[in-house]
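Asks: Provided below for reference: sequence and predicted model.
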Amino acid sequence: MDFNELADLIFPNAKEISYYEEKYPERNLPEGAAVTRFAPSPTGFIHIGGLFGSIIDRKLAEQSKGTFILRIEDTDQKREIENGVAQIVDGLKAFDIVPNEGMISENDEIGNYGPYKQSQRKEIYQAYAKSLIKQGQAYPCFCTHEELEEIRAKQESAKIRPGYYGVWAKYRNFPIDEAVEKIKNGDPYIIRFKSQGREDRRIKHKDSIKGNLELPENDQDIVIIKADGLPTYHFAHVVDDHLMRVTHVIRGDEWISSLPIHLELFKVLGFKPPKYAHTATIMKDDNGSKRKISKRKDPEAAVSFYHEQGIPSDAVVEYLLNIANSSFEPWRRANPDKSIAEFELQLNKMSVSGAVFDMIKLLDVSKNIISKYSSQKIYDETLKWASKYDKELEQLLIKNKEYSMKVLNIERGKAKPRKDISKWSDVKETIKYMYEEEYNKMDDFEFQKIEDKEEIKDILNSYIENYFDINDDKETWFNKIKDLSENKGYAREVKEYKQEPEKYKGHVGDISTVIRVALTTKHNTPDLYEIMQVLGKETVENRIKNFIKR
RNA sequence: GGCCCGUUGGUCAAGCGGUUAAGACGCAGCCCUCUCAAGGCUGAAUCAUGGGUUCGAUUCCCGUACGGGUCACCA
């Protein structure tokens, strides 16, 4: 018996690896083109870190005229969920991330290097595992979980490094004949890689983000094919990224410690390893201390959170680019109106330590982005958001479409647009007094300096009877308010009042506040003139007259 | 615990042996202003720590502390 016969016994139907090498040839891409991939497991919603990684993958491929692949790592069937792939595809699409190659829906894929679901690549991994067995670089291991635990317990009590390596690797040098016998006998087994590494030797590797890394060699005989015939991450990563001709692997830095395994596997299989870029983890501030942002504890870890809040996806992407690349902010300042597609991401400008996620900063980024949107776009986006999360607002917007556009256009489209909306869930609060049905429900009038009911009514009455004319231009309108102020014993200008406060009851600002509050219930609103123009003559008159009657 | 990575204001960060240690968010104040969101200006606030190396260390080296990651038939 020799390795060849053992290999044939284990994987009788596996093809020669030359078949796959020919089937998936080197890509014909321009010099310097990056082939990247995002390779999540279909275990639920996309995590903010996954989004972060996929943005970088996509960007790198795009800016080098390369290819961005979406591959699904579904080799752990226990953790899979229903429609997991579709959730990932749709989740990415919401952020405008669409792969050039790979999965495009639950079951559909595009590209010539597939299949892109690992569970469908079983025979490929087995072919490579078989070739390793033939070369004596891999072997079947018959250890049960209990045996493995025993080994570990012994190692722990002896205070030596745990794992399946060296003398602890029970089946590493198991006679082939006996192995064959066990297999024929139906004993369960898995396939392990026969590592040639030594823990006391170090490898040096240059990471595209972290720079020079020095790690101990791998000496663990890691599992490459599990009992269910599917590969482990390590093996699948190496085989897939080679066969898909991936040039850059971008992944979280929790993978650094298994880099020696991957590098050894690439070497033994005779593959050229990709460039690795290990990204820092996004952290969360937890009462003053940092910790990894967590799916369980932190709602903002799930990208669905941003949709619920109504934060535009381009704001999230822009924020992430902000923490991803230190050259992004200066670029944005120099190019305030360019699309982020034009920004060139540099891996060596990536942060090496984990950034604490800053919601306030995100909202600031978002606020600036929204301020540049047209009222049409704000209307559309808010409606889209409201249809899912605020039915009342949805109705309001649908019923008054033209009017709503005017409302949203107040102080917009100018050099210094309004910046009071940072997420769609802010919209209702900011505009609701513009709608009769909402205004009528509001009874908390936030009067300020002038609080006396009679005084307020007197001012409003004079205004509506003697001054208000919807056809006035802004200057005339304001002059009339100044006239009214003077008439009631208030200063026409704030400055005049400040110089001689004892001469007046107040100033023009106090008067306009009375009108503003009566019309909107609020003392802080956008430009009153524009508000009155949008409300229209009748509504202004009605609101003021009704207020006087109260 | 072993191994790895990291540590510049509250947060994101620039910096690559000599700088008054950028900038952004946030905070405070002022200005503008009929209110507010903005915008403009000003301000408070940072090189974890101890040793080296050097004429000189935020920057280079070593230790310490702290934080993070990893040690599966999970990815």
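Replies: It's in. Numbering: from 1, shown residues only, chains lettered A, B, ... in the order given.

Asks: helix or strand right after the one helix or strand in chain A whose mean pLDDT sits lowest?
Replies: When the helices and strands of chain A are scored by mean pLDDT, DSSP states H and E, strand A:289-292 comes last with a mean of 84. Per DSSP states H and E, the first helix or strand lying C-terminal to strand A:289-292 is helix A:304-309.

Asks: list the helices and strands that following helix packs on?
Replies: Where contact means 3 or more Cβ pairs under 8 Å, 6 or more residues apart in numbering; DSSP states H and E, helix A:304-309 is packed against helix A:313-324, helix A:375-389. The C-beta positions use only the backbone N, C-alpha and C, and glycine is treated the same way.

Asks: flag every buried residue along the last one.
Replies: Pointing back at helix A:375-389 there. Along helix A:375-389, these residues count as buried under the neighbour rule (16 or more other Cβ atoms under 10 Å): A:375, A:378-379, A:381-383, A:385-386.

Asks: against which helices or strands is the strand or helix carrying A:R516 packed?
Replies: For A:R516, the host element (DSSP H and E) is helix A:508-520. For helix A:508-520, the elements it packs on are helix A:453-462, helix A:474-487, helix A:528-535, helix A:537-549, judged by 3+ Cβ pairs under 8 Å, 6+ apart.

Asks: export the helices and strands packed on helix A:304-309 to a markdown table and tack on distance to RNA strand B and mean pLDDT?
Replies: Shown next, in a markdown table, are those (distance: least, Cβ to the nearest atom of the strand, whole Å; pLDDT from 0 to 100):
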| stretch | distance to RNA strand B | mean pLDDT |
| --- | --- | --- |
| helix A:313-324 | 4 | 94 |
| helix A:375-389 | 14 | 97 |
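
Asks: and the stretch 301-450 of chain A, which of its residues are near RNA strand B?
Replies: Contacts of the stretch 301-450 of chain A with RNA strand B, taken as Cβ under 7 Å from any atom of the strand, map to A:322-323, A:326, A:329-330, A:333, A:349, A:351-356, A:358, A:360-361, A:364, A:367, A:411, A:416-420.

Asks: looks to me like A:E106 is in a strand.
Replies: No: secondary structure of A:E106 (DSSP: H, G, I helix; E, B strand; the rest coil): coil, not part of a strand.

Asks: quick one on the thing from earlier: closest one of the buried residues of helix A:375-389 to A:R79?
Replies: A:W385 (31.4 Å; Cβ to Cβ).

Asks: need the contact list for that closest one.
Replies: By Cβ atoms under 8 Å, 6 or more residues apart in numbering, A:W385 lies in contact with A:307, A:310, A:424-425.

Asks: ditto for A:V223
Replies: A:141, A:190-193, A:232.

Asks: and what of A:D228?
Replies: Contacts of A:D228 (Cβ under 8 Å, 6+ apart): A:Q77.

Asks: okay, now the domains of chain A?
Replies: A:3-14+A:122-279, A:284-371, A:375-435, A:453-549 (automatic domain parsing).

Asks: could you dump those to CSV with distance to A:G32?
Replies: As requested, the domains of chain A are exported to CSV (distance: least, Cβ to Cβ, whole Å):
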stretch, distance to A:G32
domain A:3-14+A:122-279, 9
domain A:284-371, 13
domain A:375-435, 36
domain A:453-549, 50
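
Asks: what residue in the stretch 1-150 of chain A comes nearest to RNA strand B?
Replies: As assessed by Cβ to the nearest atom of the strand, RNA strand B sits closest to A:E73 within the stretch 1-150 of chain A, at 3.0 Å.

Asks: mind checking which of the residues of the stretch 301-450 of chain A next to RNA strand B land in helices?
Replies: A:322-323, A:329-330, A:333, A:360-361, A:364, A:367 (DSSP state H).

Asks: neighbour-wise, give me the winner out of these.
Replies: With neighbours taken as other Cβ atoms under 10 Å, the top of those is A:I323, carrying 21 neighbours.

Asks: does that one touch A:A355 like I think?
Replies: Yes: counting by Cβ atoms under 8 Å, A:I323 does reach A:A355; the two are 4.4 Å apart.

Asks: which parts of the stretch 101-250 of chain A are helices?
Replies: A:122-134, A:145-157, A:176-184, A:233-243 (DSSP state H, counting those that start in this stretch).

Asks: give me the pLDDT for A:E344.
Replies: In the prediction, the pLDDT value recorded for A:E344 is 93.

Asks: got the contact list for it?
Replies: A:Q63.

Asks: helix, strand or coil for it?
Replies: coil.

Asks: for A:Q63, see how far away it is.
Replies: To A:Q63, A:E344 is 5 Å away according to Cβ to Cβ, to the nearest Å.

Asks: picking that back up, now for the ones in helices among the residues of the stretch 301-450 of chain A next to RNA strand B, which pair is the farthest apart?
Replies: Applying Cβ to Cβ across those, the maximum distance is between A:P330 and A:I360, 20.9 Å.

Asks: now render the helices of the stretch 101-250 of chain A as a markdown table, adding mean neighbour count and mean pLDDT.
Replies: Converted to a markdown table, those look like this (neighbours: other Cβ atoms under 10 Å; pLDDT from 0 to 100):
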| stretch | mean neighbour count | mean pLDDT |
| --- | --- | --- |
| helix A:122-134 | 22 | 96 |
| helix A:145-157 | 12 | 92 |
| helix A:176-184 | 14 | 93 |
| helix A:233-243 | 23 | 98 |
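
Asks: tell me the contacts of whichever residue of the stretch 451-550 of chain A sits closest to RNA strand B?
Replies: Nearest residue of the stretch 451-550 of chain A to RNA strand B, counting by Cβ to the nearest atom of the strand: A:G509, 3.0 Å away. Each residue near A:G509 by Cβ under 8 Å, 6+ apart is listed here: A:V494.

Asks: just the pLDDT for it.
Replies: Looking at A:G509, the pLDDT reads 92.

Asks: now it: how far from A:L230?
Replies: Taken as Cβ to Cβ, the span from A:G509 to A:L230 is 72 Å.

Asks: now A:K474
Replies: 71 Å.

Asks: these two: which has the busier surroundings?
Replies: Neighbour tally, A:K474 and A:L230, criterion other Cβ under 10 Å: the higher count belongs to A:L230, 19 against 12.

Asks: and the nearest residue to that one once chain neighbours are set aside, what pLDDT?
Replies: Residue nearest to A:L230 in three dimensions, not counting chain neighbours: A:T75, with 4.5 Å by Cβ to Cβ, 6 or more residues apart in numbering. Confidence at A:T75, expressed as pLDDT, is 93.

Asks: kindly list the main-chain dihedrals of A:T75?
Replies: With angles defined as degrees, to the nearest 10, A:T75 sits at phi -90, psi -10.

Asks: where does A:T36 land in three-state SS?
Replies: Under three-state DSSP, A:T36 comes out as strand.

Asks: show the pLDDT at the nearest residue to A:Y467 once chain neighbours are set aside.
Replies: What sits nearest to A:Y467 in space, not counting adjacent residues and going by Cβ to Cβ, 6+ apart, is A:K480, at 4.3 Å. Note for A:K480: predicted pLDDT of 95.
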